[in-house]
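Peer 1: Generate coordinates for the sequence data below:
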Amino acid sequence: MERRAEAVERLEGVTRERFLRDIYPRRKPVVLTGLELGTCTTKWTTDYLSQAEGSKEVKIHVSAVPQMDFLSKNFVYRTLPFDSFVRRAAEVKHKEYFLTEDEKYYLRSVGEDVRKVMDNFLIQVTGRKRVVLYSPRDAPYLYLSGTKSEVLDVDNPDMEKYPLFVKAKRYECVLEAGDVLFIPALWFHNVISEEFGVALNVFWKHLPAESYDKTDTYGNKDPMAASRAIQILDRALKTLEELPEEYRDFYARRMVLRIQEKAYRNDYG
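Peer 2: Okay, here's the model as predicted:
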């Protein structure tokens, strides 16, 4: 099915000053090219990476298909020495495997600091990947379960199951080695690696420090005001259950209208 799509803007040689002044305030993804990333784009081969981390054991995701579903968990966790993991991940067919000879591997992070609800630079050091993004304003069409979309295959979605998904505007880009993708906080993204590669994420807090939960070491939690609002909403919905269905439906719709009037931005573009 044909859906609206827009290529993510690509800008070359952007300075820090220009990014902060002209690009960052727009709160839209952009691919930055031609940045000086040092020698990593040529130096980080499989041999180099294997030697750099050695036999340190890492927990990896293993799936029989390229699209890993973090809702239904269509993968298993396995542990491998890092050097063995790198060699396997670079193979097309595996002599040694857990599920199938063409299984796919994903290592979220060598370290433990994995963050989500923040602004993010996705730095493609080696390899090539396709990234599809959706604006947080299209959340009503993404069939969210928590912070994740139930629509796993964004190229061929089940339109009987997800009929509103066609309304979500798709932004897309391909990252080559050396490209840097700016992903503003709250933007949904679907990533497919087209070949073995290494990418780095750099996260930072852009809201005032008091907006964040001080106990949230890894940046996974919603801002505190958002968490409180969701808790209040959950209590309100629980209270509505005391009413008959017809009344519950009516007052729930009134609540939705109040949220639209008071909280939605009206400059949708």
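
Peer 1: Every contact and neighbour count from this point should use C-alpha atoms.
Peer 2: Will do.

Peer 1: So residue 172 sits against residue 6, correct?
Peer 2: Yes - Residue 172 lies in contact with residue 6 (C-alpha atoms under 8 Å); the separation is 6.3 Å.

Peer 1: Could you check which of the two has the larger neighbour count?
Peer 2: residue 172 (20 against 13; other C-alpha atoms under 10 Å).

Peer 1: How about the backbone phi and psi for the more buried one?
Peer 2: phi -140, psi 150 (degrees, to the nearest 10).

Peer 1: how about the nearest residue to it, chain neighbours excluded?
Peer 2: residue 132 (4.4 Å; C-alpha to C-alpha, 6 or more residues apart in numbering).

Peer 1: and that neighbour, that's in a strand?
Peer 2: Yes - Residue 132 sits within a strand when classified using DSSP: H, G, I helix; E, B strand; the rest coil.

Peer 1: Burial check on it, number of neighbours?
Peer 2: Residues near residue 132, counting by other C-alpha under 10 Å, number 20.

Peer 1: doesn't residue 169 make contact with it?
Peer 2: No - using C-alpha under 8 Å, residue 132 is not in contact with residue 169, being 10.2 Å away.

Peer 1: Next, count neighbours for residue 17.
Peer 2: 9.

Peer 1: Is it within a helix or a strand, and which one?
Peer 2: helix 16-18 (DSSP states H and E).

Peer 1: and that helix, how far out from the chain's middle?
Peer 2: 25 Å (C-alpha atoms, centre = their mean, to the nearest Å).

Peer 1: and it, average pLDDT?
Peer 2: The average pLDDT for helix 16-18 rounds to 96.

Peer 1: which residue ranges form the strands in this protein?
Peer 2: Remark: strands assigned in the chain by DSSP state E are 5-7, 10-12, 30-33, 57-63, 76-81, 104-106, 119-126, 129-134, 144-145, 148-149, 170-175, 180-183, 188-193, 198-204.

Peer 1: quick one: contacts for residue 224?
Peer 2: By C-alpha atoms under 8 Å, 6 or more residues apart in numbering, the contact list for residue 224 reads 211-213.

Peer 1: if we can go back for a sec, who does the helix holding residue 17 touch, helix- and strand-wise?
Peer 2: Applying 3 or more C-alpha pairs under 8 Å, 6 or more residues apart in numbering; DSSP states H and E, one finds that helix 16-18 contacts no other helix or strand.

Peer 1: just the buried members of the contacts of residue 224?
Peer 2: Among those, the ones that count as buried by 16 or more other C-alpha atoms under 10 Å are 212-213.

Peer 1: Show the average pLDDT along the longest helix seen in the chain.
Peer 2: Using DSSP state H to define each element, the chain has its longest helix at helix 245-263. Helix 245-263 shows a mean pLDDT of 92.

Peer 1: Give me the domain ranges for the chain.
Peer 2: Residue ranges for the domains of the chain, per automatic domain parsing: 5-210, 223-263.

Peer 1: any idea which of these is most buried?
Peer 2: When the domains of the chain are scored by mean count of other C-alpha atoms under 10 Å, the highest mean neighbour count falls to domain 5-210 (a mean of 16).

Peer 1: follow-up on the earlier one: kindly indicate which of the contacts of residue 224 lies nearest residue 265.
Peer 2: Comparing the contacts of residue 224 against residue 265 with C-alpha to C-alpha places residue 211 closest, at 20.0 Å.

Peer 1: so the closest one makes contact with residue 223?
Peer 2: Yes - using C-alpha under 8 Å, residue 211 and residue 223 qualify as a contacting pair, with a distance of 5.6 Å.

Peer 1: what pairs with residue 124 across the strands?
Peer 2: Bridge pairing for residue 124 (DSSP bridges) gives the partners residue 199.

Peer 1: Quick check: it vs residue 200, distance?
Peer 2: 7 Å (C-alpha to C-alpha, to the nearest Å).

Peer 1: And for residue 129?
Peer 2: 13 Å.

Peer 1: Tell me where the stretch 151-269 of the chain is predicted with low confidence.
Peer 2: 217-218, 266-269 (pLDDT under 70).

Peer 1: Residue 90 and residue 42, how far apart?
Peer 2: 16 Å.

Peer 1: got it, and residue 235?
Peer 2: 54 Å.

Peer 1: show me the residues around the residue nearest to residue 172 that make contact.
Peer 2: Residue 132 touches 170-173, 189-191, counting by C-alpha under 8 Å, 6+ apart.
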